[in-house]
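# this one's structure only:
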């Protein structure tokens, strides 16, 4: 929107400048303007061309050339005019030329140069012809129009800044609300899963009048580990993986499920086939230890599965050393490509 408005304004200024130049050419051609107007017209073309050559803030050297040409316009353009009997309609085209240069300098973010050039025009006209010339040659009207245009541009720019700020605040509020909704949804999902897992055992404990058996105590330990998985490794679990993990724990294996945050940026739909492969790899294992862990965030892998068993020879000799464990499974799954 800002770019469109800027180029639209440049178009209007260019049209006014073209009309001013054409009017000056006609005045010179019919002999009603001296040859000094021809020099002024050339300087006006150079200054306005430098003004609209590029967007953004004008370089300092370019600004000096533009202001110098703009100061020369009233000095040259007023030579063939009588400040007492003539007026703007008598050929004072240079006033519109200076006004166009001032407007474009304002758009090029050279406000000091623009207002200084307008002040030079007012001062020259006053010294040359007094207050009547300032009014009769349209300098006051041009200054008022430029001031109104500058004030309008400033108001529009402030409005756009306020709109951008409001949009940013609204976007942050929506993101915060979405994060809260996701947090509450995740909490409700975990509570529902915990209730589904713990419900049967709690009913069994409540109905056990003679205390818990060893099998019940073992099942409670399995249940506690399963609930812990739901807290610290939920993204590594689906129904198939949960079933395999619980089955291995019930046969006495030590199973660890650790989500260290390495797959937080992976979509849930992309994780589904990976978890199915994990469940298929766990099926049929007889290992003593199974570790399911996410890879670091900057890794090309998404997760790894390692299954280890004690060396039967070392166990027979009574040696308890982690270095004597044999690896039954080493599975690393690649991180899904972002869509």
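Yes, it's here. Small disclaimer: the values here were computed from a predicted structure and weren't measured.

# what does the domain assignment say about the chain?
Here the domain parsing of the chain from automatic domain parsing is 2-163, 228-334.

# which one of these has the lowest average pLDDT?
If you rank the domains of the chain by mean pLDDT, domain 2-163 sits at the bottom with a mean of 77.

# most neighbours per residue, which of the domains of the chain?
Most buried of these, by mean neighbour count (mean count of other C-beta atoms under 10 Å): domain 2-163, with a mean of 17. Quick note: C-beta positions are derived from backbone N, CA and C, even for glycine.

# just to revisit the earlier point, want to throw the domains of the chain into JSON lines with distance to residue 198?
Converted to JSON lines, the domains of the chain look like this (distance: least, C-beta to C-beta, whole Å):
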{"stretch": "domain 2-163", "distance to residue 198": "52"}
{"stretch": "domain 228-334", "distance to residue 198": "10"}
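
# Can you say which of the ones you listed is nearest to residue 195?
Smallest distance to residue 195 across those (C-beta to C-beta): 11.0 Å, for domain 228-334.

# start to end distance for that closest one?
26 Å (C-alpha to C-alpha, to the nearest Å).

# Might you calculate how far that domain sits from the centre of the chain?
39 Å (C-alpha atoms, centre = their mean, to the nearest Å).

# now the helices for the stretch 101-250 of the chain?
Using DSSP state H, counting those that start in this stretch, the helices assigned to the stretch 101-250 of the chain run over residues 111-136, 139-207, 214-232, 239-250.

# nearest to residue 59, of those helices?
Of all those, helix 111-136 sits nearest to residue 59, with 11.6 Å by C-beta to C-beta.

# check contacts around residue 263.
235-236, 271, 294-295, 302-303, 335 (C-beta atoms under 8 Å, 6 or more residues apart in numbering).

# would you say it is within a helix?
No. Counting by DSSP: H, G, I helix; E, B strand; the rest coil, residue 263 is not part of a helix but coil.

# And for it, nearest residue in space, chain neighbours not counted?
Ranked by C-beta to C-beta, 6 or more residues apart in numbering and with sequence neighbours excluded, the top spatial neighbour of residue 263 is residue 294, at 5.1 Å.

# Tell me the bridge partners for the one you found.
Beta-bridge pairing for residue 294 (DSSP bridges): residue 303.

# wait, isn't it in contact with residue 302?
Yes. Using C-beta atoms under 8 Å, residue 294 is in contact with residue 302, at 7.0 Å.

# and for those two, which residues touch both?
Taking C-beta under 8 Å, 6+ apart as the contact rule, residue 294 and residue 302 both touch 262-263.

# hmm, back to that, compare the helices of the stretch 101-250 of the chain and give me the one nearest residue 71.
Distance to residue 71, taken as C-beta to C-beta, is lowest for helix 111-136 among the helices of the stretch 101-250 of the chain, at 5.3 Å.

# now the closest one against helix 139-207, angle please.
If you take axes from the mean of the first three to the mean of the last three C-alpha atoms, to 10 degrees, helix 111-136 sits at 140 degrees to helix 139-207.

# just how off-centre is helix 111-136 within its chain?
With C-alpha atoms, centre = their mean as the basis, helix 111-136 stands 45 Å off its chain's centre.

# Check stretch 184-199 too.
Distance of stretch 184-199 from the chain centroid (C-alpha atoms, centre = their mean) equals 36 Å.

# Over to stretch 214-231?
Distance, centroid of stretch 214-231 to centroid of chain: 46 Å (C-alpha atoms, centre = their mean).

# Please identify the buried residues of it?
For stretch 214-231, burial by neighbour count (16 or more other C-beta atoms under 10 Å) applies to 219-220, 222-223, 225-226, 229-230.

# and which of the residues you listed is nearest residue 325?
Closest approach to residue 325 among these (C-beta to C-beta): residue 225, at 20.7 Å.

# quick one, phi/psi of residue 257?
The phi/psi pair for residue 257 (degrees, to the nearest 10) reads phi -120, psi 110.

# what's the closest non-adjacent residue to it?
Computed as C-beta to C-beta, 6+ apart, the closest residue to residue 257 that is not its neighbour in sequence is residue 233, at 3.6 Å.

# what's residue 276 in contact with, if anything?
238, 240.

# ok, now with 10 Å
When contacts are counted by C-beta atoms under 10 Å, 6 or more residues apart in numbering, residue 276 touches 238, 240-241.

# Can you verify my assumption that residue 328 contacts residue 248?
No. Counting by C-beta atoms under 10 Å, residue 328 sits too far from residue 248 to count as a contact (11.9 Å).

# Find the residues that touch each one of these two.
Taking C-beta under 10 Å, 6+ apart as the criterion, residue 328 and residue 248 both touch 285-290, 307.

# can you tell me which of these are in strands?
Counting by DSSP state E, the shared contacts of residue 328 and residue 248 place 289-290, 307 in strands.

# Now flag whichever of those is closest to residue 105.
Using C-beta to C-beta, these come closest to residue 105 at residue 290, 74.0 Å.

# so what's the closest one up against?
Residue 290 sits next to 244-245, 248-249, 253-257, 281-282, 305-309, 328-329 when contact means C-beta under 10 Å, 6+ apart.
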